[in-house]
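> Let's see this in three dimensions:
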Amino acid sequence: MQTNSIRYNLTLLTDFYELTMANGFLNSNRADQIAYFDMFFRKTPDDGGLAIMAGVEQLVEYLENLSFTNEDIEFLRAKNLFSEDFLSYLLNFKFSCDVWAVPEGTPVFPYEPILTVRGPIIQSQFIESITLLSINHQTLIATKANRMVRAAGDRAVIEYGSRRAHGYDAAIFGARASYIGGCKGTSCTIADKKFGIPAMGTMAHSWVQLFDSEYEAFKTYAREYPQESIFLVDTYNTIKSGIPNAIRVFNEELVPNGTRPLGIRIDSGDITYLSKKARKMLDEAGFNDCKITASNSLDEYIIRDMILQGACVDVFGVGERLITASSDPIFSGVYKLSSVEIDKKIIPRIKVSDNVSKITNPCFKKLWRLYDRDSGKAIADVMTLRDEVIDDTAPYVIFDPDHIWKRKTVENFSAKELQVQLFSKGNKVYSSPDIKTIRSYCEQQIGTIWDEVLRFENPHKYYVDLSQPLWDEKQRLLSEYSS
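All right, here's what the predicted structure looks like:
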């Protein structure tokens, strides 16, 4: 099944300079030069301790189906900028790059290569925009969802944000990313159809308003959906009207037929206070199994505070602040050249800047995660040269690449390569796990991260280090370009 929500060709979903550069590469006889690119990010959303990798499946689908139509060629020809040789190249285009990426659901950290591309510069450069778009968006939303899920603890979180998303693709893929991050379900029906994410919902206030009375609205709904009865109780007055009418209908329509109500939803007012009152009223009426859902512009901080204040909420429905990641709506992923091949030899490249944070890590690299064998917790990530192997049967020295006197000898650890190969010479060699497997994997991987790193405020810095050979090579290049 093709899960891109596109009904049109996305080949030209790229920055225009990718095309002008590609034309220039071909016409200057550089099109076939092998280049290496890394995708990484510089800042974690909300200044949190980590991000959650997502969006790989959609990138794979794009690359697997990447081709130029006659319509694309005619559009570009009309620009009067591109040579006929270049247009002919595009018409016969076949993707031939190698691609590696960190699997979806993996916690990732700033500056490490979460995706690597090797291939002809005319292709490896061209896919920059779609790579960043696919990974940046879903990683942002998966990260925000995971923060909310962690704030909720053992209470469920459901994504309710489709109507506030920045376009239909953002709603569909945002629902997917939210599920990877740990949400239990979504209100987005098409996400259920495409990805198998459970679609969930209750009713709108308009349902209640349409009937002559709140009681009649609830009764009609209970008769229509006896197994799925969740009543929205705040249309008029939650305590004086909504909950009493819900209890009345539970007793009259559901209990006599051997059915238990699923719950109520509160969407306005002081939900912490109202949920406590609601819980007491429901329990006294014999409905202690009736769950309470809360919605209304929630985020991880509000959820956390509600729980600390004793809110009797079982399910949190989160919308606009999740689907738009409104508190920090930009994921800072970038795509930078790290090496080129000249006469089949890999030559490292570095970007130097007065802004130290924009200096890149050169070379064709591997990314490793070191785990403590006793606790199972992640110790640090390490970038190495591609031909390096971290021997986890012997002590290994890691150090802060910015403050190299900070060193630690790691023992009794296991080392795992984080990237997996997606494409080999343009052929897909990766099968994406199903969405439930990715979600479970994410939950398991979050369990390997220390609580101090997971804090919302001032999280402990998780170290991403360079191996000694990689650090030495970076210093050599910095010295060369500064002399």
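> Beyond the one helix or strand residue 177 maps to, next helix or strand please.
Under the criterion of DSSP states H and E, residue 177 resides in helix 168-181. Next along the chain after helix 168-181, taking DSSP H and E as the criterion, comes strand 185-186.
> What is that following strand packed up against?
With contacts defined as 3 or more C-beta pairs under 8 Å, 6 or more residues apart in numbering; DSSP states H and E, strand 185-186 has these neighbours: strand 156-159, helix 168-181. Placement of C-beta: from N, CA and C, glycine included.
> Distance from that strand to the middle of the chain?
Distance of strand 185-186 from its chain centroid, counting by C-alpha atoms, centre = their mean, to the nearest Å, is 15 Å.
> need the contact list for residue 227.
By C-beta atoms under 8 Å, 6 or more residues apart in numbering, the contact list for residue 227 reads 259, 262.
> Show the model's pLDDT score for it.
Looking at residue 227, its pLDDT is 94.
> Could you confirm it falls within a strand?
No: applying DSSP: H, G, I helix; E, B strand; the rest coil, one finds residue 227 to be helix, outside a strand.
> begin at 20 from here
Got it, first residue is 20 now, which makes that one residue 246.
> Now do the same for residue 481: helix, strand or coil?
The local conformation at residue 481, judged by three-state DSSP, is coil.
> show me what contacts it?
68-69, 128, 397, 399-400, 468, 472.
> cutoff 10 Å now
Taking C-beta atoms under 10 Å, 6 or more residues apart in numbering, we find residue 481 in contact with 63, 68-69, 126-129, 397-400, 468-469, 471-473.
> Show me the helices in the stretch 320-469 of the chain, by range?
Along the stretch 320-469 of the chain, the stretches classed as helices by DSSP state H, counting those that start in this stretch are 339-342, 454-465.
> Quick one, which of those gets closest to residue 355.
For residue 355, the closest of the helices of the stretch 320-469 of the chain is helix 454-465, at 25.7 Å, according to C-beta to C-beta.
> Buried residues, the closest one. List them.
For helix 454-465, burial by neighbour count (16 or more other C-beta atoms under 10 Å) applies to 454, 457-458, 460-461, 464-465.
> what's the answer for stretch 414-425, then?
Residues of stretch 414-425 classed as buried under the neighbour-count rule (16+ other C-beta under 10 Å) are 415, 417-420.
> Closest one of the residues you listed to residue 257?
Nearest to residue 257 among the buried residues of stretch 414-425 is residue 419, at 53.3 Å by C-beta to C-beta.
> for the host helix or strand of residue 291, packing partners?
Element membership for residue 291 (DSSP H and E) is helix 290-303. Counting by 3 or more C-beta pairs under 10 Å, 6 or more residues apart in numbering; DSSP states H and E, the packing neighbours recorded for helix 290-303 are helix 262-268, strand 282-285, strand 310-313, helix 319-327.
> can you redo those as a markdown table with mean pLDDT and mean neighbour count?
Output for the helices and strands packed on helix 290-303, formatted as a markdown table (pLDDT from 0 to 100; neighbours: other C-beta atoms under 10 Å):
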| stretch | mean pLDDT | mean neighbour count |
| --- | --- | --- |
| helix 262-268 | 98 | 22 |
| strand 282-285 | 98 | 24 |
| strand 310-313 | 98 | 23 |
| helix 319-327 | 98 | 18 |
